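> Sequence and predicted model, in that order:
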Amino acid sequence: EVQLVESGGGLVQPGGSLRLSCAASGFAVDDYALTWVRQAPGKGLEWVSAISSNGGKTYYAESMEGRFTISRDNARNTLYLQMNSLTSEDTAVYYCAKIPTSDFSVYEFDYWGQGTQVAVSS
């Protein structure tokens, strides 16, 4: 059974940082690209970032470029998202998802985690 379990969310002040983690299991993690997607209150899903199966290629939405860093540790079957310089606009539920290929090319994700809440507020 494919499982993706996010953690690391919480309340942070504007300008602060958080690191999200996503523990993956039930599939050959190092064969697949992974991604982060978020959903702000009352809004639709927004793609955040993706990483290829071996971590050699990373992709970011324009508004996250330079503030967020995606990484993965295939030995630990874990995906990460380091988020810096957070603003209230980053408040959302953050989901990790599996991409059914080794690299990211289209917005097609076949398994999702349950999400972790990030709230940016003073």
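In hand now; what should we look at?

> Please, which helix or strand holds E6?
Following DSSP states H and E, one finds E6 within strand 3-7.

> which helices and strands sit right next to the following helix or strand past that strand?
Next in sequence after strand 3-7, counting helices and strands by DSSP H and E, comes strand 10-12. Contacts defined by 3 or more CB pairs under 8 Å, 6 or more residues apart in numbering; DSSP states H and E place strand 10-12 against strand 116-120. Every C-beta, even on glycine, is put in place using the N, C-alpha and C of the backbone.

> just to revisit the earlier point, how about the strand holding E6, which residues are buried there?
Within strand 3-7, the residues that count as buried by 16 or more other CB atoms under 10 Å are L4, E6.

> So what touches that strand?
20-26, 94-98, 111-116 (CB atoms under 8 Å, 6 or more residues apart in numbering).

> cutoff 10 Å now
Residues outside strand 3-7 that contact it (CB atoms under 10 Å, 6 or more residues apart in numbering): 19-27, 29, 34, 36, 78-79, 81, 93-98, 111-117.

> can you tell me how far R67 sits from S52?
21 Å (CB to CB, to the nearest Å).

> between these two, who's got more neighbours?
S52 (18 against 15; other CB atoms under 10 Å).

> The more buried one against S71, yeah?
No: counting by CB atoms under 10 Å, S52 stays clear of S71, with 11.5 Å between them.

> Now the common contact residues for those two.
T58.

> The closest residue to R67 other than its chain neighbours: neighbouring residues, count only.
Spatial nearest neighbour of R67, excluding adjacent residues (CB to CB, 6 or more residues apart in numbering): S85 at 4.8 Å. Using other CB under 10 Å, S85 is surrounded by 12 other residues.

> can you confirm S85 is in a helix?
No: with DSSP: H, G, I helix; E, B strand; the rest coil as the criterion, S85 is located in coil rather than a helix.
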